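Q: Task: produce atomic coordinates for the following.
(chains A and B)
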Amino acid sequence: MDISEYFSLVFSDYTLRTITLGTAILGAVTGMLGSFAVLRKQSLLGDAISHAALPGIAVAFLITGTKDTNTLLLGALVSGLIGTFWIRSIVKKTHLKSDTALGLILSLFFGFGMLLLTFIQKQPNANQAGLDKYLFGQAATLVESDVWLMAIVTGLCLFVLLLFWKEFKLLLFDADYTKTLGFNTRFIDILITSFIVLAIVLGLQTVGVVLMSAMLLAPAAAARQWTNSLATMVLLAAVFGAFSGVFGTAISASQTNLSTGPVIVLVASVFVLFSFVFSPSRGLLFKQLRFIKNRRDLELHKTLAFMHHIAETHENISHPHAIKLLNSFQGYTRKTLQKLVEMNYVELKGNMWSLTKVGFEAAANLYTKQSTEDE
Amino acid sequence: MNSAQIEIQLIASLVAIACAIPGTFLVLRKMAMISDAISHSILPGIVIGFFITQDLNSPLLILFAAFTGIITVILVEYIQKTGLVKEDTAIGLVFPALFSIGVILIAKNANDVHLDVDAVLLGELAFAPFDRLLISGVDVGPKALWIIGVILLITVTLLIAFFKELKVSTFDAGLAASLGFSPAIIHYGLMSVASVTTVGAFDAVGAILVVALMIAPAAAAYLLTTDLKKMLGLAITFGVMSAISGYWFAHWLDASIAGSITTMLGLLFLMVYLFAPSKGVIAVMYREKQQRIEVSLLTFLLHLKNHNELEERHVNHLREHINWQKVRAKTVLELALKNNMIVVDKNIVSLTEKGDTFTSKAIDYIITNEDTQIEDMKDDFFLFRG
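A: Residues are numbered from 1 along each chain as shown, chains lettered A, B, ... in the order given. Coordinates of the predicted model:
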């Protein structure tokens, strides 16, 4: 199946439609909430939470004995929340830094989860197969009810986001000010963190524990490059996330042996790379271009100033001088000279150059003019 | 205990020591999450290395994978330097991308690669003793033991040789640079050691356990001491203890050894986290309570000193005017009485001479903005603490 075939099938084929819808919704909701995680400098929290959710899945299975997705995700949610709040209390109560706390909870919970999973696998109960799909996720196992669950959670997220938009925004950019205004920052903080945990847990089935953090980060990091407004960023991140989901599913469906999770992550990474390079205001490409242009302008000005310096010593400002004189000067290149001629500042005659009247005045005013412009 | 069991415990202990050393410095340098990133992003290195060497135990493969680890660090730093995103976001972007490439490479070549992603994440320590190293036909022990032994030897040599440089650059990067130690060389040296250790250990214990063994013992040790040498020693001890107890726990449960060692590390950290003498949660909470009462006491004494009127010094006034609850007022009064700071006569409270001196001194310190001195003064005056 190639990509075009996929797009023709996506509306008619039940499985493809379910998976595509699921990954698109997932991408949108994680992108939205990820914006908050990225701006709050909690980027790696997602990584820790998704790993910390693993023991919850195993414990939920041990207690109930069923593989019902909702039950397992509920377990994951509880253990993800425990992990998150333990991280917060480690950072708050001890002198360990947040990176240590994150790494600790991530590896310890994950290790404990793996212990439980291997323990479950050794049980004589034949029902246990398939729990390890939560490690790397299997989008193919999505059914319609899962997509409905995702849609409901996304709707809830959207509702809460709109309801508390002002509070979230305020907390994001000035937590102290929020507190002095009398908002319950603890409550807002817990609310947004809980929703991040919820979004991560939803994605476990599709993308898996290991790669879930990228779903949270990548769309938000890409969106950040294009705008300075929170609303636009959240919207863009949702769009990037949804497109990563759709394209990732399309590519993985059109090839054999390609699991969906890693492909979605790679597509999202491509979005990030593209944004890093091509964003007009922050992107590396335009930054470099601006840098080169500024350097050229500076060199041009330096050359003009140098010429002015020489021309000043003569009564006739347009007295011709040898180009050779300029060779010892660093700012001088043949190109800058050409440009000065084009701007009518300089006239060339053979090996000699002379400043025009316009050029002389421009050079004389070069620094005074600039300093007034700066003010 | 048979020889295979001894060998497994020996490998686990050596891995624990080899991880604890770079782990301590990573925790101190606030770079703990880098170890997580490295442990994930070595996957494509291992896969590509495997395509080239066709041997999962070749030393070339370890170099290849360690190289990917260093590339990760460089990439993270490059992205961070562009200023487009913060450092933690940079880490979070780089390693999932590299890990995904690794997973896809494995999936696309599933038929000719004898590699399993689960094995990379978890390792299988139980099989380590069966992979023997044969030197001209003589069995000299498990390969994993030799690999991790060599890595440990290199790590320890480097640690002893550059201990001073590492110490200075960890605690005061500016001083280290001004003394002429290149921060870049030390930084990348540490990163290289962390990468090589991760790669050397992943085969035996898996990528996640490497992260746990690097961070958890060091974090637990950091809660117990502030001396670098003691911290290193404690971290190594914790690592080895968990490795051995974890092995027996897994043996009893018949489950993954790596998972079991991590669980032991988790329990150990939880214990230290709760019960560490001065930095544990319980100690911190107790100290906070103590300080709250002592601050109340000081407020109360200041109030007494300011007022001579009888009604302001009546016991009940504490509850009415200063608005303290009954229990708190009682605790504060009792503490002051026990320390001979006040006398209560017919329900009227007055400062004793000692209480008066204490309060005057405290006022002096507060006026001159040297509030911290009050803590030291408390030792001289208090017979009983709050």
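Q: Tell me how many other residues crowd the nearest residue to A:Thr100 once chain neighbours are set aside.
A: Spatially, and ignoring its direct neighbours in sequence, A:Thr100 is nearest to B:Ala32 (4.5 Å; C-beta to C-beta, 6 or more residues apart in numbering or on different chains). Backbone N, C-alpha and C define where each C-beta goes, glycine included. B:Ala32: 29 surrounding residues under other C-beta atoms under 10 Å in any protein chain shown.
Q: wait, what's in contact with B:Ala32?
A: Neighbour list for B:Ala32: A:97, A:99-100, A:102-104, B:23, B:26, B:214-215, B:219 [criterion: C-beta atoms under 8 Å, 6 or more residues apart in numbering or on different chains].
Q: which residue ends up closest to the midpoint of the chain in space?
A: Here I'm looking at chain A. With distances taken as C-alpha atoms, centre = their mean, the residue of chain A nearest its centroid is A:Ala221 (1.0 Å).
Q: think we crossed wires, I meant chain B
A: Among the residues of chain B, the one closest to the centroid is B:Ala219, at 1.5 Å (C-alpha atoms, centre = their mean).
Q: and that residue, what element?
A: B:Ala219 is part of helix B:207-224, with elements assigned from DSSP states H and E.
Q: likewise A:Thr193?
A: A:Thr193 belongs to helix A:185-207 when elements are defined using DSSP H and E.
Q: For that helix, give the mean pLDDT please.
A: Across helix A:185-207, pLDDT averages out at 88.
Q: And the helix or strand just after it, what does it pack against?
A: Once helix A:185-207 ends, the next helix or strand along the chain (criterion: DSSP H and E) is helix A:212-224. Counting contacts by 3 or more C-beta pairs under 8 Å, 6 or more residues apart in numbering or on different chains; DSSP states H and E, helix A:212-224 is packed against helix A:14-39, helix A:45-52, helix A:185-207, helix A:230-253, helix A:260-278, helix B:87-108.
Q: what distance separates helix A:212-224 from the middle of the whole chain?
A: Centroid separation between helix A:212-224 and its chain, computed with C-alpha atoms, centre = their mean, to the nearest Å, is 4 Å.
Q: Give me the mean pLDDT for the following helix or strand past the helix holding B:Ala219.
A: For helix B:207-224, the following helix or strand on the C-terminal side (DSSP H and E) is helix B:228-253. Averaging pLDDT along helix B:228-253 yields 93.
Q: mind listing what's buried in the helix or strand following helix B:228-253?
A: For helix B:228-253, the following helix or strand on the C-terminal side (DSSP H and E) is helix B:257-275. Residues B:257-269, B:272-273 are the ones in helix B:257-275 that count as buried (16 or more other C-beta atoms under 10 Å in any protein chain shown).
Q: Stretch B:22-39 now?
A: Judged by neighbour count using 16+ other C-beta under 10 Å, the buried positions of stretch B:22-39 are B:22-29, B:31-39.
Q: and the residue of chain B nearest chain A?
A: When scored by C-beta to the nearest C-beta, chain B has B:Thr262 as its residue closest to chain A, at 2.2 Å.
Q: from memory B:Lys378 sits against B:Gln291, does it?
A: No: counting by C-beta atoms under 8 Å, B:Gln291 is not a contact partner of B:Lys378; they are 9.8 Å apart.
Q: Could you report the neighbour count for B:Lys354?
A: Residues near B:Lys354, counting by other C-beta under 10 Å: 13.
Q: For it, which non-adjacent residue is closest in space?
A: Nearest-residue entry for B:Lys354: B:Asn340, 5.5 Å, with adjacent residues in sequence omitted and distances by C-beta to C-beta, 6+ apart.
Q: The one you found sits in which helix or strand?
A: Applying DSSP H and E, one finds B:Asn340 in no helix or strand.
Q: quick one on the thing from earlier: nearest to A:Ile188 among the buried residues of helix B:257-275?
A: Distance to A:Ile188, by C-beta to C-beta, is smallest for B:Tyr273 among the buried residues of helix B:257-275, at 27.2 Å.
Q: wait, does stretch A:269-285 contact chain B?
A: Yes: looking at stretch A:269-285 against chain B by C-beta under 8 Å from any C-beta of the partner chain, the contacts come from A:269, A:272, A:276, A:282, A:284.
Q: Do you know the pLDDT at the first one?
A: Turning to A:Ser269, the model gives it a pLDDT of 93.
Q: Get me the contact residues on the stretch 201-350 of chain A for chain B.
A: When proximity is defined as C-beta under 8 Å from any C-beta, the stretch 201-350 of chain A approaches chain B at A:210-211, A:213-214, A:217-218, A:221, A:224-225, A:257-259, A:261-263, A:265-266, A:269, A:272, A:276, A:282, A:284.
Q: Tell me which of the buried residues of stretch B:22-39 fall in helices.
A: Counting by DSSP state H, the buried residues of stretch B:22-39 place B:22-28, B:32-39 in helices.
Q: can you name the two of those that are farthest apart?
A: Largest separation among these by C-beta to C-beta: B:Leu28 and B:Ser39, giving 19.0 Å.
Q: Got the domain ranges for chain A?
A: Per automatic domain parsing, the structural domains of chain A span A:3-279, A:286-374.
Q: Could you say which of the ones you listed is packed most deeply?
A: Highest mean neighbour count among those (mean count of other C-beta atoms under 10 Å in any protein chain shown): domain A:3-279, with a mean of 21.
Q: Where does the residue of chain A found nearest chain B sit: helix, strand or coil?
A: At 2.2 Å from chain B, A:Gly111 is the closest residue in chain A, using C-beta to the nearest C-beta. Following DSSP: H, G, I helix; E, B strand; the rest coil, the label given to A:Gly111 is helix.
Q: give the contact list for it.
A: Contacts of A:Gly111 (C-beta under 8 Å, 6+ apart): B:208-209, B:212, B:258-259, B:261-263, B:265-266.
Q: now it, nearest residue through space, not along the chain?
A: Nearest to A:Gly111 is B:Thr262, by C-beta to C-beta, 6+ apart, at 2.2 Å.
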